[in-house]
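Novice: Turn this into a model:
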Amino acid sequence: IPCDFEVCRSDNALFQIHVTKITIQKRMSRLEREADVAKQNAVKAQRNNMTHLALVHMRRRKAVMEELERCAAILTNLDVSELRLERARNDVQVVQSYALLKTALQDVRESSDIVGEDLDELMLEIREEMEDVSNISEGLIHHEVVIDEDELNEEFRLLDMECENEQSSGAQSDEEGEIQSDVTAAEPLFEQRKEASDALDAGAVAA
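Specialist: Next up, the predicted model:
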């Protein structure tokens, strides 16, 4: 690599956007796990009659969910920015083609001694086209998380019902498994009794 080699700014920006997207995606995965843990801790604390601790876990889950939404919005903005930057790079090629067109038109005019206002107007339009570049200036605004206690209590109640339904389904599956095990264990004893009964019948016929 030459010592005076410089990385193209657009390539560097695209690489940075790609790395940032991966980092945010990993952070979102971690936040989802934290939200699930906070939910389980809240349910466990409420069942142990520790309401204040349950609310602490619910607030934690609420804040994590808000941060997840914020990360999702940032990820969307990065996707849009990446697409617009790639489009801008393609537009540069178009602008370069216009620049070549401008040079070609100038050469034709100078070589043929053509003088006309239409050519000057065309050159002006080309320069205006080259200056027509859109920049992204949207800032990310972090909003303060406001926690509604009533909303938290209602959400906690729904989560508690959901956990009870999951446990009920699990208990029913365990009971069905025990019944099936009892039936399977009784099959050999039934076979032995049947064989003994057949032997007695055979002995009675022989006598």
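Novice: From Arg89, how far off is Asp11?
Specialist: 9 Å (CB to CB, to the nearest Å). Where C-beta positions appear, they are placed from N, C-alpha and C, glycine not excepted.
Novice: between those two, which one's more packed in?
Specialist: More neighbours surround Arg89 than the other of Asp11 and Arg89, with 14 against 11 (other CB atoms under 10 Å).
Novice: wait, isn't the more buried one in contact with Ser10?
Specialist: Yes - applying CB atoms under 8 Å as the test, Arg89 and Ser10 come out as touching, 5.4 Å apart.
Novice: then stretch 37-48 to CSV, C-alphas only?
Specialist: Output in CSV follows, covering the C-alpha atoms of stretch 37-48 (Å, rounded to 0.1, in the frame of the first residue of the first chain):
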residue,chain,number,x,y,z
VAL,A,37,-35.0,-11.7,33.2
ALA,A,38,-36.7,-8.6,34.6
LYS,A,39,-40.1,-10.0,33.8
GLN,A,40,-39.3,-13.3,35.5
ASN,A,41,-37.9,-11.5,38.6
ALA,A,42,-41.0,-9.3,38.8
VAL,A,43,-43.3,-12.3,38.8
LYS,A,44,-41.2,-14.1,41.4
ALA,A,45,-41.1,-11.1,43.7
GLN,A,46,-44.8,-10.5,43.5
ARG,A,47,-45.6,-14.2,44.3
ASN,A,48,-43.4,-13.7,47.4
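Novice: Show the average pLDDT along that stretch.
Specialist: The average pLDDT for stretch 37-48 rounds to 90.
Novice: swap in stretch 61-77?
Specialist: 92.
Novice: can I have it written out in PDB, keeping just the CAs?
Specialist: Extracted in PDB, the C-alpha atoms of stretch 61-77 (Å, rounded to 0.1, in the frame of the first residue of the first chain):
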ATOM      1  CA  ARG A  61     -38.100  -4.000  32.200                       C
ATOM      2  CA  LYS A  62     -40.000  -0.800  31.100                       C
ATOM      3  CA  ALA A  63     -36.800   1.100  30.700                       C
ATOM      4  CA  VAL A  64     -35.200  -1.700  28.800                       C
ATOM      5  CA  MET A  65     -38.100  -1.900  26.400                       C
ATOM      6  CA  GLU A  66     -37.900   1.900  25.800                       C
ATOM      7  CA  GLU A  67     -34.200   1.500  25.000                       C
ATOM      8  CA  LEU A  68     -35.000  -1.400  22.600                       C
ATOM      9  CA  GLU A  69     -37.400   0.900  20.700                       C
ATOM     10  CA  ARG A  70     -34.700   3.600  20.600                       C
ATOM     11  CA  CYS A  71     -32.100   1.200  19.300                       C
ATOM     12  CA  ALA A  72     -34.600   0.000  16.600                       C
ATOM     13  CA  ALA A  73     -35.200   3.600  15.500                       C
ATOM     14  CA  ILE A  74     -31.400   4.200  15.300                       C
ATOM     15  CA  LEU A  75     -31.000   1.000  13.300                       C
ATOM     16  CA  THR A  76     -33.700   2.100  10.900                       C
ATOM     17  CA  ASN A  77     -32.000   5.500  10.500                       C
END
